[in-house]
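J.: Just to be clear, the model below is a prediction. Sequence and coordinates:
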Amino acid sequence: MRRLKSLFLFVLTMLAVLLLQVNIAHAGQVLAVGTEFANVFERNHNGEFTGLGVEIVRALARQNGDEVKFEIYPWTRAQWMVENEQAQILIGPYKTAEREAKFNFAKRAFYRDLMVLYVRKGSDLGWDGNYSNLSGARLGVINGWVYGAQFEALRNTIKPVSANSLTNGINMLLAKRVDFLATNTRNTEAVMKTLGVGHELLMIEPFMDMQDGYLAYCKNAVCEQLRSRYDELYEQLRDGGALQLMAKKLGVRLPN
């Protein structure tokens, strides 16, 4: 009798553990972090979080019965928080092999960026799409950003100059501390408008690359359950047309 009672208690305990895991996957508290990405992850003057990434995560969390909280940090800190399981979701990273070792990426990307070079207006500088020709140029990049496989393979040869933020990078270009600034059109057009310097800088072609941005999750078992569930809900958002309406309203390019 005692043995049966012990077995019964063991089975009840295991069922409780399984139910807890299911409930965590389907309802819980979610912290989503990132840095300021124009039209993807921002905070307005009223302190409200806005952008396509915010709207998507809110919709997924609502469907899953989760309570979601957002926080904006410097990009390197936001990545560190998700890697070290202090937050569940990182909003907006491009996918690289190095990052895949740290995070579990969503099945689908939710936005696409054009990676380009900017120069000062009136400059006679250009490029022909050959990355090796950038070697020796004073090329500014943003710390923590990636620019596509071709550029990253030659990064150590090109030896770019790093800026701590896009605003700093633009100011470095304006101050002639660099001759080129590698960035994306979405963020850069927004920052130039804020700074009032759109008339001073020029985007040059050809484009460097295209990069797709994702939701990325921490690597523990609970985050993996969350990622799997949010992937399912994202497909519903996409197939029902709600995603396309969100992106159109915010002026964000969706992947094909």
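T.: Perfect, thanks for sending it.
J.: Would you confirm that V30 belongs to a strand?
T.: Yes. Secondary structure assignment places V30 in a strand (DSSP: H, G, I helix; E, B strand; the rest coil).
J.: what sits opposite it in the beta ladder?
T.: Per DSSP bridges, the residues bridged to V30 are V68.
J.: Run through the residues that contact it.
T.: 57, 61, 66-69, 88-89, 226 (Cβ atoms under 8 Å, 6 or more residues apart in numbering). To be clear about C-beta, it is placed using only N, CA and C from the backbone, and glycine gets the same treatment.
J.: Among those, name the buried ones.
T.: Buried by 16 or more other Cβ atoms under 10 Å: 57, 61, 66, 68, 88-89, 226, out of these.
J.: Just the ones of these in helices?
T.: 57, 61, 226 (DSSP state H).
J.: Please parse the chain into its domains.
T.: Per automatic domain parsing, the domain ranges recorded for the chain read 27-111+212-250, 113-211.
J.: about what we covered before: quick check: of the contacts of V30, which lies closest to W75?
T.: Lowest distance from W75 to the contacts of V30 (Cβ to Cβ) belongs to I89, with 14.6 Å.
J.: And the closest one, how close does it get to R58?
T.: 12 Å (Cβ to Cβ, to the nearest Å).
J.: One more: N256?
T.: For N256 relative to R58 (Cβ to Cβ), the value is 25 Å.
J.: out of the two, which sits in the busier spot?
T.: A direct count of neighbours by other Cβ atoms under 10 Å for N256 and R58 places R58 higher, at 15 against 6.
J.: looking at the chain, which helix or strand does the model trust least?
T.: Within the chain, no helix or strand scores below helix 2-26, which has a mean of 47 by mean pLDDT, DSSP states H and E.
J.: I'd assumed L134 was in contact with F180.
T.: Yes. If you go by Cβ atoms under 8 Å, F180 and L134 touch, sitting 7.3 Å apart.
J.: overlap in contacts of those two?
T.: Shared contacts of F180 and L134, counting by Cβ under 8 Å, 6+ apart, come down to W127.
J.: Go through stretch 96-104 and flag the buried ones.
T.: Across stretch 96-104, burial judged by 16+ other Cβ under 10 Å covers 99, 102-104.
J.: hang on, I meant stretch 202-211
T.: Neighbour count says stretch 202-211 has 203, 208-209, 211 buried, by 16+ other Cβ under 10 Å.
J.: quick one: average pLDDT of that stretch?
T.: Mean pLDDT, stretch 202-211: 95.
J.: Same question for stretch 126-135.
T.: Here the average pLDDT along stretch 126-135 is 91.
J.: what's in contact with it?
T.: 117, 119, 150-151, 154, 157-159, 180, 204, 206.
J.: Let's have the ones in helices among the buried ones among the contacts of V30 in CSV, adding pLDDT.
T.: Converted to CSV, these look like this (pLDDT from 0 to 100):
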residue, pLDDT
V57, 98
A61, 98
L226, 97
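J.: separation between A242 and S162?
T.: For A242, the distance to S162 equals 38 Å [Cβ to Cβ].
J.: do the same with E152
T.: 14 Å.
J.: higher neighbour count, the two?
T.: Remark: of E152 and S162, E152 carries more neighbours, 16 against 13, as counted by other Cβ under 10 Å.
J.: does that one count as helix, strand or coil?
T.: Under three-state DSSP, E152 comes out as helix.
J.: tell me which element E42 is part of?
T.: strand 42-43 (DSSP states H and E).
J.: and that strand, which strands flank it?
T.: Looking at strand 42-43 with DSSP bridges, its partner strands are strand 49-50 (antiparallel).
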